[in-house]
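> structure, please.
(chains A and B, ligands or ions: 1)
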Amino acid sequence: MTDDRQLRVSKIENGTVIDHVPGGQALNVLAILDIDGTGGEVVSIGINVPSDRLGRKDVVKVEDRELSQPEVDVLSLIAPAATINIIREFDVVEKHRVERPDRVTGILQCPNQQCISTGDEPVDSEFDVLDDGVRCVYCDTITREDITAHILV
Amino acid sequence: MRHDHITSAKQLSRGDIERVLEHASDIADDPSAYADRHEEALLGLLFFEPSTRTKMSFAAAIKRLGGDVVDMGPVDASSVKKGESLADTVRVVEGYADALVLRHPSEGSAQMASEFVTVPLINAGDGAGQHPTQTLLDMYTIRENAGLDDLTIGIMGDLKYGRTVHSLAHALTNFDTRQHFISPETLKLPRNVRFDLHESGSTVKEHTKPGGILPSLDVLYVTRIQKERFPDESEYRAVAGEYQIDASTLTRADDDLTVMHPLPRVDEIAHDVDNTGHAAYFQQAHNGVPVRMALLDLVLGGEP
Ligand SMILES: [Zn+2]
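Okay, the predicted model is just below:
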């Protein structure tokens, strides 16, 4: 079904379409992908597009780019229902839903400044993924809001 | 439990706790029977912040088991940040000792350090995180005075930064207890502890004043509210005063109420409480030795 909702954001030739992102989270998705426009990527975004499943959803289309597993892991934290469509020559060649990992390693920084994982130690940050947020395996701090602010670059 | 790291009270099951407490009780009954139990054992003490009492208690425990300590000595706080990583320090020091005791200002330090060593590592306090050996001696004291099941306990003071509180709250979830948390609004339990208590299905209530709940308590566990947690002295005085107890406060409590405190106290328990039947805090401090003996015996491979 190619209805006009789909067409609000134009088709791309090669790249990734991230669909079923909760309404209003598109800019955080770009933050996770470390896209701020300065790298020259071609990006189209639909924000608060009507959706049967989510009510309102965001759609992010990034040309000539595929996502790494750590990026998908963080994405799953803010957009658990997201689908990732890999596009080649205008066709969807791969489509899958994000899966929430049990643990994320080395991609978020613990917000607790007293946490040993934020110091000069030879360990990666490590978080257990909860239904609602993440929890540092070292200091136990639970982060629910604003997870994208803690992404390590 | 042999060769286990003891980093958090969360990892201790009811069975683990009971095993340590029962063993501690046997040791307390006849300490001399254990005097040459670990004659060759060396306990490495790594205290990155001062804690004379905890350190003395561990030293007494290993010496009463026939062993000895190797002590890193005092650390200049400013050099901790610039110096060698903790991961390197513990990897070096584990070669000198059969078990390590770590006190460190960073939360999660014991957990991290334990990932780098094979000898048992015992957390003696990690920032505002956990202090599991304090908890074991607290549990021992509660068991002696009030029993650990069908217990109503009030935990009062600085619940946000108080690591003894966090460890104790976790440990108590293994038993049939009703936990009442009494603190100023700004020093309530942190989110992660509250989350765990909720997950465990424990009965937990929070209060901002001790008065209403006091008569129903079997145990009142008091902790210090530190000045540094408040913007100014006057605000601290106004707030802290609400959480101080004296002999007259306790006239409204049950005759069998047990009052505990991890010590040192400042003025949160008045000296006139010391001579009442309620005071258990010196006994609590003394229990540190048999309880740490029991724990060390277990992690060093003694069979109770
Ligand atoms: Zn942390």
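> OK, contacts around the closest residue to B:His5 other than its chain neighbours?
What sits nearest to B:His5 in space, not counting adjacent residues and going by C-beta to C-beta, 6 or more residues apart in numbering or on different chains, is B:Ser114, at 3.9 Å. Where you see a C-beta, it was placed from the backbone N, CA and C, and this is true even at glycine. Residues counted as contacts of B:Ser114 (C-beta atoms under 8 Å, 6 or more residues apart in numbering or on different chains) are B:His5, B:Thr7, B:Leu121.
> so what's the residue count around the last one?
It stands for B:Leu121. Number of residues near B:Leu121 (other C-beta atoms under 10 Å in any protein chain shown) recorded here: 26.
> got it, and the second one?
As a burial measure, the neighbour count of B:Thr7 was computed by other C-beta under 10 Å and equals 24.
> domain ranges for chain A?
Following automatic domain parsing, chain A resolves into domains at A:15-97, A:103-150.
> ends of the first one, what's the gap?
Yep, that's domain A:15-97 we're talking about. Terminal residues of domain A:15-97 are spaced 16 Å apart (C-alpha to C-alpha, to the nearest Å).
> could you do the last one as well?
Across domain A:103-150, the straight-line distance between its terminal residues is 15 Å, by C-alpha to C-alpha.
> quick one: closest of the domains of chain A to B:Val219.
Proximity to B:Val219 (C-beta to C-beta) singles out domain A:103-150 among the domains of chain A, at 24.8 Å.
> can you name the residue of chain B nearest the ion?
Ranked by C-beta to the ion, the top residue of chain B for proximity to the ion is B:Gly108, at 5.4 Å.
> need the nearest residue in space to that residue, chain neighbours excluded.
Distance criterion C-beta to C-beta, 6+ apart; nearest residue to B:Gly108, sequence neighbours excluded, is A:Tyr138 at 2.7 Å.
> tell me which element that neighbour is part of?
Here A:Tyr138, judged by DSSP states H and E, is contained in no helix and no strand.
> nearest spatial neighbour of B:Asp150, skipping sequence neighbours?
Computed as C-beta to C-beta, 6+ apart, the closest residue to B:Asp150 that is not its neighbour in sequence is B:Asp176, at 5.6 Å.
> and for B:Gln244?
B:Glu268 (5.1 Å).
> for B:Glu49, phi and psi?
Here is the backbone geometry of B:Glu49 (degrees, to the nearest 10): phi -140, psi 150.
> list the contacts of it.
Contacts of B:Glu49 were listed using C-beta under 8 Å, 6+ apart, and they are B:Val75, B:Ala77, B:Arg103, B:His104, B:Pro105, B:Gly125.
> about what we covered before: tell me the spacing between the residue nearest to B:Gln244 and B:His166.
B:Glu268 is 18 Å from B:His166, where distance means C-beta to C-beta, to the nearest Å.
> again with B:Pro210
For B:Pro210, the distance to B:His166 - C-beta to C-beta - is 20 Å.
> try B:Ser248
B:Ser248 is 31 Å from B:His166, by C-beta to C-beta.
> ok, B:Ala33 next?
Going from B:Ala33 to B:His166 by C-beta to C-beta gives 35 Å.
> so between the two, which is more surrounded?
B:His166 (27 against 10).
> quick one: what helix or strand has that one in it?
Using DSSP H and E, B:His166 falls within helix B:163-172.
> any idea how far the residue nearest to B:Gly108 lies from B:Ile122?
The gap separating A:Tyr138 from B:Ile122 is 17 Å, by C-beta to C-beta.
> just want to know which of these two has more residues nearby.
Set side by side, A:Tyr138 and B:Ile122 show more neighbours around A:Tyr138, with 28 against 23, by other C-beta under 10 Å.
> contacting residues for the more buried one?
By C-beta under 8 Å, 6+ apart, the residues touching A:Tyr138 are A:Cys110, A:Cys115, A:Ile116, A:Ser117, A:Val123, A:Glu126, B:Glu107, B:Gly108, B:Gln111, B:Met112.
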